[in-house]
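Visitor: Take a look and give me a structure for this.
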Amino acid sequence: QVLLAESGGGLVQAGDSLSLSCRASGTTFLSYNMAWFRQAPGKERTFVAAISWSGGRTYYTDDVKGRFTISKDNAKSTVYLQMNSLRPEDTAVYYCAANGRQYNIMVDTATSKYAYWGQGTQVTVSS
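Guide: Below is the predicted model of the structure:
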């Protein structure tokens, strides 16, 4: 069982930065690929960024490339999402997720591949 808890959301202005954290408990954190998804009101949950269990590979949706950075601190059992140059269209609830398989070679972007989810943290970007 993997328990995830996000923090760091809030209300910011366009162009500002925000850092999200997601702390895991209840398992061997370092063995899981981790990802961030987001869900805007009335829309489906979509992929934002993912990182391999070793931390050596990262993937981003095109919308956030060059602005967001995902990282993983296995010693602290925490995954981070640094968000810079925020835009109003980044407004959403951001969810942290852990892949359903340990030591998975494939870093998935589909929500169906992630078995464990946090409760979400709201990010609101005003124009």
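
Visitor: Sort out which residues of stretch 58-67 are buried, please.
Guide: Across stretch 58-67, burial judged by 16 or more other CB atoms under 10 Å covers Tyr59, Tyr60, Thr61, Val64. Glycine gets a C-beta too; all of them are placed from N, C-alpha and C.

Visitor: quick one: it to chain centroid distance?
Guide: Offset of stretch 58-67 from its chain centre (CA atoms, centre = their mean, to the nearest Å): 12 Å.

Visitor: quick check: mean pLDDT across that stretch?
Guide: What stretch 58-67 shows for mean pLDDT is 97.

Visitor: gap between the two ends of it?
Guide: This stretch, stretch 58-67, spans 14 Å end to end (CA to CA, to the nearest Å).

Visitor: With stretch 116-127 instead?
Guide: End residues of stretch 116-127 are separated by 33 Å (CA to CA).

Visitor: now do stretch 118-127
Guide: Start-to-end span of stretch 118-127 (CA to CA) is 28 Å.

Visitor: Alright, I will stop here.
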